[in-house]
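Asks: Sequence and predicted structure are below.
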Amino acid sequence: MSPILLTPVDLLVASSLVVLDAVVSVWLGLRLHKQVLVAAVRCAVQLVLVGYLLRYVFAIDTPALTLGLILVMVAIAGREVAARPERRLVRYGNQIAGLSAVALATFVTATFALATALRPHPWYAARYAIPLAGIMLGNALNAASLSLDALLSGVMRERSAIEAQLALGVRFGEATKPLIRAAVRRGILPIINVMSAAGIVTLPGIMTGQILAGLSPIEAVKYQILLMFLLAGATGIAAVGAAYFAMARLTDGRERLRVDRLV
Amino acid sequence: MRLTAEGLTGAAGGPFDFSLGAGEAMAITGPSGAGKSVLLRMIADLDPHEGDVSLDGVARAQMAAPAWRRRVAYLAAEPGWWHDETAAHFPERARAEALMPDLALEVKLLDQPVHRLSTGERMRLALIRILLNEPAVLLLDEPTGALDPHATALVEGILLDRLRAGVSVMIVTHDMAQAGRLGARRYHLAAGVLSPA
């Protein structure tokens, strides 16, 4: 079965549904019509640009360009992770923790997939490496930001409990272990929900896209399962990484709790 | 000297220089916010600062921080708890139970959740918690602030026992009479300067 190719007219017809949203907004006085339209235009423009960018990058297919694009994506994701929590570590602590966590999660899982299940030729082929890195990043971002937020707000809440233990001679790593656990748990729970509901409550977007694009459901499902497992790995690495990298900034050589580094 | 501080400087002011012999007590008074708690926290190495502290001639820098804090024990004015169950804070339950009657605490309190304990009960249990480490120096931040006169007298009795056994005590208090009862040298901390009172 060959994919049904979409024409600009098809998309224009579909956009009437966005206009319907805007009409609803005007009708109910939601004052969202402008935002809906702007968001729809942004969505279309951003995706078309990225489509052309990817076509260009896939065509050139040099390792340097592929790596460069992935690094830019990682940097943006790291910045997003850093921006989520209410509290900030001084001296770019949030940025460093966020960036390290998503970079580690993405490179480990994407390289793992390219070296084992996918094995394209060459292994760094842009057509595989970039989309793979992108989807890993999206999920790593989510997990790292939840974990970082839980950790930083938990540290302030548990400050006296942690310091009471430090004053008793308990090691910093021991006294903060429950906080690390809570943070990692927060980061990992969403992917467990997604995996449990997959196929029953929701048809995952990638699988749906592939089926619509003409791939057999069984093949699409196999890809989806592979991706789910990769995402579970990326999520775990990102959540653990964000929690430990941030906690490392909250102590010093004398195993103190440095809440003065949190603003 | 049991405890010696040289050039201790930090958020509490300073530089502070003082020494405390074995079995000696030192009481610190001063207005709220003067940095009395921070001074104790600096000695326990819980807050960043400059200067040197040594215990029985051994420089703090030569000891791992957790080992130092077991020997030089800081008790906060509002000590924290990290389990819901009180007993979980006392891995050596029998040793804790042995000390409880001396502070008018019923042993069955250990089976209560922490949030059911009164402020005064929590304070006395937190004192027991650090005494179980058998520290050489006690840094106490208003340990009797939440206690009635009877419980205060019991805590002072325990502290006097420890002083006689050679433990050194630094106590932040608003109660000048308490300094007298403990036989403590009196100091006043204000505007970052520690002066004999």
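Replies: In hand now; what should we look at?

Asks: Which parts of the stretch 151-263 of chain A are helices?
Replies: With DSSP state H, counting those that start in this stretch as the criterion, the stretch 151-263 of chain A has helices at A:159-167, A:172-175, A:177-197, A:205-212, A:217-249.

Asks: can you give me the strands for chain B?
Replies: Along chain B, the segments classed as strands by DSSP state E run B:3-10, B:13-20, B:25-29, B:50-55, B:58-59, B:72-75, B:137-141, B:168-172, B:185-190, B:193-196.

Asks: Show me what the third one is packed up against.
Replies: Think strand B:25-29. Judged by 3 or more Cβ pairs under 8 Å, 6 or more residues apart in numbering or on different chains; DSSP states H and E, the packing partners of strand B:25-29 are helix B:36-43, strand B:168-172, helix B:176-181, strand B:185-190. (Glycine included, C-beta is placed from N, CA and C.)

Asks: I'd like the distance from that strand to the chain centre, please.
Replies: Relative to the centre of its chain, strand B:25-29 is centred 11 Å away, using Cα atoms, centre = their mean, to the nearest Å.

Asks: still on that earlier bit, can you put the helices and strands packed on strand B:25-29 in CSV and add distance to chain A?
Replies: Listed next are the helices and strands packed on strand B:25-29 as CSV, based on distance: least, Cβ to the nearest Cβ, whole Å:
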stretch, distance to chain A
helix B:36-43, 9
strand B:168-172, 14
helix B:176-181, 22
strand B:185-190, 20
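
Asks: list the contacts for the nearest residue to residue B:123 once chain neighbours are set aside?
Replies: Closest residue to residue B:123 apart from its sequence neighbours, by Cβ to Cβ, 6 or more residues apart in numbering or on different chains: residue B:146 at 5.4 Å. Contacts for residue B:146 were tallied using Cβ atoms under 8 Å, 6 or more residues apart in numbering or on different chains; they are B:119, B:120, B:123.

Asks: Give me the below-cutoff pLDDT ranges for chain A.
Replies: Chain A contains residues with pLDDT under 70 at A:1.

Asks: Residues of it that sit close to chain B?
Replies: A:158-171, A:175, A:178, A:252, A:254-258, A:260 (Cβ under 8 Å from any Cβ of the partner chain).

Asks: Kindly write the ChimeraX command that selects the buried subset of these.
Replies: Here is the ChimeraX selection string for the buried members of the residues of chain A next to chain B, based on 16 or more other Cβ atoms under 10 Å in any protein chain shown:
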select /A:158,160,161,162,163,164,165,166,167,168,169,170,175,254,255,256,257,258
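
Asks: Pull the contacting residues for residue A:160.
Replies: B:76, B:78, B:79, B:80.

Asks: What count of nearby residues applies to residue A:103?
Replies: 20 (other Cβ atoms under 10 Å in any protein chain shown).

Asks: name the element it belongs to?
Replies: Assigned by DSSP states H and E, residue A:103 belongs to helix A:93-115.

Asks: Can you say which of the helices of the stretch 151-263 of chain A is nearest to residue B:127?
Replies: Evaluated over the helices of the stretch 151-263 of chain A, closeness to residue B:127 peaks at helix A:159-167, with 12.0 Å, by Cβ to Cβ.

Asks: and the angle from the closest one to helix B:36-43?
Replies: Calculated by axes from the mean of the first three to the mean of the last three Cα atoms, to 10 degrees, helix A:159-167 forms an angle of 40 degrees with helix B:36-43.

Asks: OK, contacts around residue 11?
Replies: Defaulting to chain A. Neighbouring residues of residue A:11 by Cβ under 8 Å, 6+ apart: residue A:44.

Asks: um, chain B though
Replies: By Cβ under 8 Å, 6+ apart, the residues touching residue B:11 are B:35, B:38, B:47, B:49.

Asks: Next: residue B:68.
Replies: B:44, B:45, B:55, B:60.

Asks: So for the one residue in the stretch 1-150 of chain A that gets nearest to chain B, what's the nearest residue that isn't a sequence neighbour?
Replies: Proximity of the stretch 1-150 of chain A to chain B (Cβ to the nearest Cβ) peaks at residue A:90, 12.9 Å away. Nearest residue to residue A:90, sequence neighbours excluded (Cβ to Cβ, 6+ apart): residue A:261, at 5.0 Å.

Asks: So what's the residue count around the one you found?
Replies: The burial count for residue A:261: 16, using other Cβ under 10 Å.

Asks: do residue A:40 as well
Replies: 16.

Asks: what about the closest residue to it other than its chain neighbours, which helix or strand?
Replies: Distances taken as Cβ to Cβ, 6+ apart place residue A:18 nearest to residue A:40, at 4.4 Å, with adjacent residues excluded. Per DSSP H and E: residue A:18 is located in helix A:16-28.

Asks: For that helix, C-alpha coordinates in CSV please.
Replies: Taking Å, rounded to 0.1, in the frame of the first residue of the first chain, the C-alpha atoms of helix A:16-28 are listed here in CSV:
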residue,chain,number,x,y,z
SER,A,16,-11.0,25.1,8.5
LEU,A,17,-11.2,23.1,11.8
VAL,A,18,-8.8,25.6,13.4
VAL,A,19,-11.0,28.4,12.1
LEU,A,20,-13.9,26.6,13.8
ASP,A,21,-12.0,26.8,17.1
ALA,A,22,-11.6,30.5,16.5
VAL,A,23,-15.3,30.9,15.8
VAL,A,24,-16.1,29.0,19.0
SER,A,25,-13.8,31.4,20.9
VAL,A,26,-15.6,34.5,19.5
TRP,A,27,-19.0,33.0,20.1
LEU,A,28,-18.3,32.1,23.8
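
Asks: Once you drop chain neighbours, what's closest to residue 80?
Replies: No chain specified, so I'll use chain A. Spatial nearest neighbour of residue A:80, excluding adjacent residues (Cβ to Cβ, 6+ apart): residue A:141 at 5.6 Å.

Asks: not quite, I wanted chain B
Replies: In this structure, residue B:80 finds its nearest non-sequential neighbour in residue A:160, 3.2 Å apart by Cβ to Cβ, 6+ apart.

Asks: Please identify the residues of chain B in proximity to chain A?
Replies: Proximity of chain B to chain A, by Cβ under 8 Å from any Cβ, involves residues B:44-48, B:65-67, B:69-70, B:73-76, B:78-82, B:126, B:129-130, B:133.
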